[in-house]
Structure formats: C-alpha cells, structure tokens
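S.K.: I'd like to go over a predicted model; first the sequence, then the structure.
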Amino acid sequence: MSIVKSKGAFIMFLIVLLTALAVGGSTMAGAAAGYLFRGAARRLGEGLLLSFAAGMMLSAAVAGLIIPALEGGGVWRLPLVLSGILCGGAFLLLLSRCTAKLMTPHEMRGALLFLAAIAIHNFPEGIAAGVGFGSGSIPQALAIAAGIAAQNVPEGMVLIAPLLRSGLPPRRALLLAMATGIPEIIGTFLGFGAVSLSTAALPFVLAFAGGTMLYVICQDMIPEAQSHRRGTAALMLGFCFMLAIDVLVG
C-alpha cells in the first residue's frame, strides 16, 4: 500500500514539475521569440510596441489578476483586494525611489520597474497553477495551467522592447526577460505544497501583483503611449488582444 502511495506521489510530483516548467518556460519562449524578431519590432516602432504592451498589461492586471482576486476573496474580498492593490503600488514606488539612487537614466529605472512588475505578476499565476493540483482534479489543473501558459507567450514577447529601449545589450535583455519565468516555477510548487495557505493568501497576492502592474502602466507606459501619434490606438489594441486571450483560454 505504501509503495502504491509513494508511486502515486512521485507521479503527481512529476506532473507538477513538468507543468511548472511549461508555465514558466512559456514566458521564456515568448521572450526568446521577442528577441529573435527584435529587428521587426524595431521597424514597426518601439514606441508603438511599448504602447501595445501597456494595453496587454492593463488587461492582464484587471481581467487576469484583480477581478479573479475579487471573485476568490470571500467575505473580506473588497478590503483584501484594495489593500493588495495599494501595497503593490507602494512597493514599486519604494523600489523606484531606491533605484533612483543607484541608476540615473530614467529609461533604465523604468525598464527595471517594468521587469519587476512582470516577475511579481508571474508569481501568483504560478501559485494558481499549483493550487489547482493540490485541491482539484488533474484535468482541471492542467486546463488552468494551459491557459496561463498561453497568456505567457505574448507577455514574454513584449518584454524585450522596453529593455532594449533602456540601453541594455540584447543578450542581457533576453536573459532578464527569460528570468521573469522563474517566479512562476517557484509559485507552482508553493501553491501545490501549501494549498490551504496559498488559497487564503492568493487573492491578496493577485491584487498585489495587479497593483504593481497598474503603477508601472500609469507611471511610465501610458505617458509614453500618449507621446506617440498612434500610441492610444496601440494601447487599446493591446488591451483587446490580451482580453481575448484571457477569455478564449481562461
């Protein structure tokens, strides 16, 4: 009996491991695709691409993080989610103040905040994938993970342009963009290993991640979009594109 249980536990661990690698790896694959086609992105216009990315992030923050947090927060969902959003924004404000003392170029600070927001946003997505394995059926958990992975590919693709725009060498930008998939791998194992704790904390963590993304969008990306002649249109297209993905694969 114990052999059967240990074998079943090993199989489950293997499934979670492969899922974690797939979820985190989808971000890395998207970043690699963005790196390979960076020349085409440059010809299209980095300002337009950044505006499109802002729309995608706005959709991911609202439809992919904050609304699910409200739906899963229980009786205290509103104060929990509001506090999470404000804490996320305050965290990036503090990070911005700290990096201002270390980095003088505004573009570099903006790229770092953008990168941090994406990495933070990926962590609760990983937790959500792991919680599915710990508390629900395997097919349902795989469906959740597949939806997250599908969203991560275009998110990873738009990471490269802001990093290159800040002056980072292409290969370093690629490595940093791919590194944002690591929190998703960690989050998947954390969600699987601590289901009850993760379930209780997930609404706040989702809202926190949404708050960090909203801060970056309002602070750096929307002003950039407004400075471009077609920036607002690109932002709206990015929002609709990400919303469509969220609905179709969610």
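M.R.: Noted; the coordinates are in hand.
S.K.: Moving C-terminal from the helix or strand bottoming out on mean pLDDT in the chain, which element do we reach first?
M.R.: Here the helix or strand of the chain ranked lowest by mean pLDDT, DSSP states H and E is helix 38-44, holding a mean of 68. Counting by DSSP states H and E, the element after helix 38-44 in chain order, helix or strand, is helix 46-61.
S.K.: counting contacts, what elements does that following helix pack onto?
M.R.: Helices and strands touching helix 46-61, as assessed by 3 or more C-beta pairs under 8 Å, 6 or more residues apart in numbering; DSSP states H and E, comprise helix 106-135, helix 138-157, helix 160-165, helix 195-216, helix 222-227, helix 231-249. All C-beta spots, glycine's among them, are computed from the backbone N, C-alpha and C.
S.K.: Dump those into a markdown table; add mean pLDDT as well.
M.R.: Converted to a markdown table, the helices and strands packed on helix 46-61 look like this (pLDDT from 0 to 100):
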| stretch | mean pLDDT |
| --- | --- |
| helix 106-135 | 78 |
| helix 138-157 | 80 |
| helix 160-165 | 78 |
| helix 195-216 | 82 |
| helix 222-227 | 74 |
| helix 231-249 | 85 |
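S.K.: Turn those into CSV, including mean neighbour count and distance to residue 54.
M.R.: Shown next, in CSV, are those (neighbours: other C-beta atoms under 10 Å; distance: least, C-beta to C-beta, whole Å):
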stretch, mean neighbour count, distance to residue 54
helix 106-135, 24, 10
helix 138-157, 20, 12
helix 160-165, 25, 10
helix 195-216, 23, 9
helix 222-227, 16, 6
helix 231-249, 18, 5
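S.K.: Is it possible to get JSON lines of those that adds distance to residue 13?
M.R.: As requested, those are arranged in JSON lines below (distance: least, C-beta to C-beta, whole Å):
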{"stretch": "helix 106-135", "distance to residue 13": "10"}
{"stretch": "helix 138-157", "distance to residue 13": "13"}
{"stretch": "helix 160-165", "distance to residue 13": "33"}
{"stretch": "helix 195-216", "distance to residue 13": "14"}
{"stretch": "helix 222-227", "distance to residue 13": "43"}
{"stretch": "helix 231-249", "distance to residue 13": "26"}
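S.K.: helix or strand for residue 167, which one?
M.R.: Per DSSP H and E: residue 167 is located in neither a helix nor a strand.
S.K.: Give me the phi and psi angles of it.
M.R.: When read as degrees, to the nearest 10, the backbone of residue 167 gives phi 100, psi 0.
S.K.: Would you mind measuring from it to residue 176?
M.R.: Here residue 167 is placed at a distance of 13 Å from residue 176 (C-beta to C-beta, to the nearest Å).
S.K.: which of these two has more neighbours?
M.R.: Taking other C-beta atoms under 10 Å, residue 167 and residue 176 do not tie; residue 176 has more neighbours (18 against 11).
S.K.: So what's the gap between the longest helix seen in the chain and the chain middle?
M.R.: Of all the segments of type helix in the chain, defined by DSSP state H, the longest one is helix 2-36. Offset of helix 2-36 from its chain centre (C-alpha atoms, centre = their mean, to the nearest Å): 17 Å.
S.K.: and it, average pLDDT?
M.R.: For helix 2-36, mean pLDDT is 83.
S.K.: now stretch 69-88
M.R.: Mean per-residue pLDDT for stretch 69-88: 87.
S.K.: Contacts only, for the closest residue to residue 96 other than its chain neighbours.
M.R.: Leaving aside its chain neighbours, residue 96 sits nearest to residue 113 (5.9 Å; criterion: C-beta to C-beta, 6 or more residues apart in numbering). When contacts are counted by C-beta atoms under 8 Å, 6 or more residues apart in numbering, residue 113 touches 92, 95-96, 99, 215-216, 219-220.
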